[in-house]
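S.K.: Next come a sequence and a model predicted from it.
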Amino acid sequence: MANQVSGQAYAITGDIRYAQRAADILRGFARRYPHMGRGKGGNMYPMHECNFLKRCAQAYDYIFDSDALSVEDHRAIEHDFLRIGAVHYFNKSDTNGRMSNRGANYNSAVLAIGLVLGD
């Protein structure tokens with residue numbers, strides 16, 4: 001995923017251009033996810049969506065302290081994107097897949113997001 005790779009590249013090189021690219025992608029998802037993600041009745045396949053959320057959380061963690069994100073960017077990415085996905089899959093893991101590979105995938109996405117958000 002481009003934002004995860006860009007975030008890793010920033011973490012390794014310190015080149016702000018990589019952080020800016022990852023930030024652009026995360027901002028785009030923050031604008032769109034409330035309307036397309038499972039948290040709002042979207043149509044993404046849950047197993048893929050969980051992997052996607054984990055990669056986005058990792059990318060956000062890599063660029064968290066960079067100058068590529070404003071205070072508003074942090075708010076949007078955390079509250080309009082990552083937290084929506086985490087709440088949805090936290091609730092879903094308790095009712096669907098608690099004892100299956102689905103539940104493990106749901107919980108790993110929630111954990112990754114919780115770690116980066118400090119929750």
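M.R.: That came through, no problem.
S.K.: drop to CA atoms for contacts and neighbour counts, all remaining ones
M.R.: Will do.
S.K.: Moving C-terminal from the strand or helix carrying Gln58, which element do we reach first?
M.R.: With elements delineated by DSSP states H and E, Gln58 resides in helix 46-63, which encompasses its position. With elements assigned by DSSP H and E, the helix or strand that comes after helix 46-63 is helix 71-77.
S.K.: so after that following helix, what's the next helix or strand?
M.R.: Following helix 71-77 in sequence order, the next helix or strand is helix 83-95 (DSSP H and E).
S.K.: The helix-or-strand element of the chain with minimal mean pLDDT vs helix 46-63, what angle?
M.R.: When the helices and strands of the chain are scored by mean pLDDT, DSSP states H and E, helix 83-95 comes last with a mean of 83. Using axes from the mean of the first three to the mean of the last three CA atoms, to 10 degrees, the interaxial angle of helix 83-95 with respect to helix 46-63 works out to 140 degrees.
S.K.: shaky segments in the chain?
M.R.: Counting by pLDDT under 70, the chain contains low-confidence ranges at 1, 37-47, 94-99.
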